[in-house]
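>>> all I have is the shape, not the residue letters:
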């Protein structure tokens, strides 16, 4: 599923990095510790976090996540948005918690291995 | 003869530029055409090393040395050094300041992540005398 489709299906709001909306989502990861995300997020993951500072874009580029979802109504800093636009990393926002967002995504099949 | 050698400077406490060196290293390795898994491993290590310098290291530098069979990263800084290297290599051990932890840094996973992803890691450090990390990646090793 592409980031674009995730946005439409789950009502997430794209606020930056719109050049990357055709990136393929291959799974998901929840984490607010950057090293944990670096170590454990999979390629093409949708990364759910409350961190909104610019360094999330660097982690996303290096870890090759598909997009970042800022949960709990968090908004990215201005320099985060600028960097995300530059790198083409979509940043999406939602008022839902990480738990709720992950639950909906998982139910819809994101990040579930074939049974 | 190395394929390529590059030196990057890293500034202490510059969280705006933090990560740029690693992104540049990643771009160079991708362009050369190394295996994506290898590029990811090097990128993770570069980032952890770079962030350590930004948070603890004072100013520092990263050297990238690329050969067909091996990629080396050497990250040196003029910071406060590591008091107990064995302790610093333990997952979860951190001396990061609370404001860094609030940003999601300082989980005590930096050096363990490097150790996990590099073919080899050597840490040279003494309290008050800075730190030097030598990270080697053999092309084609199973990791």
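Great, that's in hand. This is a predicted model, so every value here is computed, not measured.
>>> which residues of the chain fall in helices?
You didn't say which chain, so I picked chain A. Remark: helices assigned in chain A by DSSP state H are A:3-10, A:34-40, A:55-63, A:78-87, A:98-107.
>>> hm, I was asking about chain B
Under DSSP H, chain B gives helices at B:20-32, B:36-52, B:85-88, B:98-102, B:110-117.
>>> let's have those helices in CSV, adding mean neighbour count, mean pLDDT and distance to chain A.
Every C-beta, even on glycine, is put in place using the N, C-alpha and C of the backbone. As requested, the helices of chain B are exported to CSV (neighbours: other CB atoms under 10 Å in any protein chain shown; pLDDT from 0 to 100; distance: least, CB to the nearest CB, whole Å):
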stretch, mean neighbour count, mean pLDDT, distance to chain A
helix B:20-32, 18, 97, 5
helix B:36-52, 23, 96, 4
helix B:85-88, 14, 94, 13
helix B:98-102, 13, 93, 9
helix B:110-117, 22, 95, 5
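>>> quick one: which of these is nearest residue A:40?
Smallest distance to residue A:40 across the helices of chain B (CB to CB): 9.8 Å, for helix B:110-117.
>>> excluding its backbone neighbours, what's nearest residue B:34?
Leaving aside its chain neighbours, residue B:34 sits nearest to residue B:139 (6.9 Å; criterion: CB to CB, 6 or more residues apart in numbering or on different chains).
>>> and the gap between that neighbour and residue B:48?
Counting by CB to CB, to the nearest Å, the gap from residue B:139 to residue B:48 is 21 Å.
>>> one more: residue A:7?
Distance from residue A:7 to residue B:48, by CB to CB: 31 Å.
>>> ok so, going back, return the most buried member of the helices of chain A.
For these, the largest average neighbour count (mean count of other CB atoms under 10 Å in any protein chain shown) is found in helix A:55-63, namely a mean of 24.
>>> what helices or strands is that one leaning on?
helix A:34-40, strand A:45-49, strand A:67-70, helix A:78-87, helix B:20-32, helix B:36-52 (3 or more CB pairs under 8 Å, 6 or more residues apart in numbering or on different chains; DSSP states H and E).
>>> can you list the weak-confidence ranges in chain A?
In the predicted model, chain A carries pLDDT under 70 at residues A:113-115.
>>> got a list of what residue 82 touches?
Because you didn't say which chain, this covers chain A. residue A:16 (CB atoms under 8 Å, 6 or more residues apart in numbering or on different chains).
>>> wrong one, chain B
Residue B:82 touches B:88, B:123, B:125, B:126, B:127, B:131, counting by CB under 8 Å, 6+ apart.
>>> run the last query once more with 6 Å
Going by CB atoms under 6 Å, 6 or more residues apart in numbering or on different chains, residue B:82 touches B:88, B:125, B:131.
>>> and what of residue B:72?
Applying CB under 6 Å, 6+ apart, we find residue B:72 in contact with B:65, B:136.
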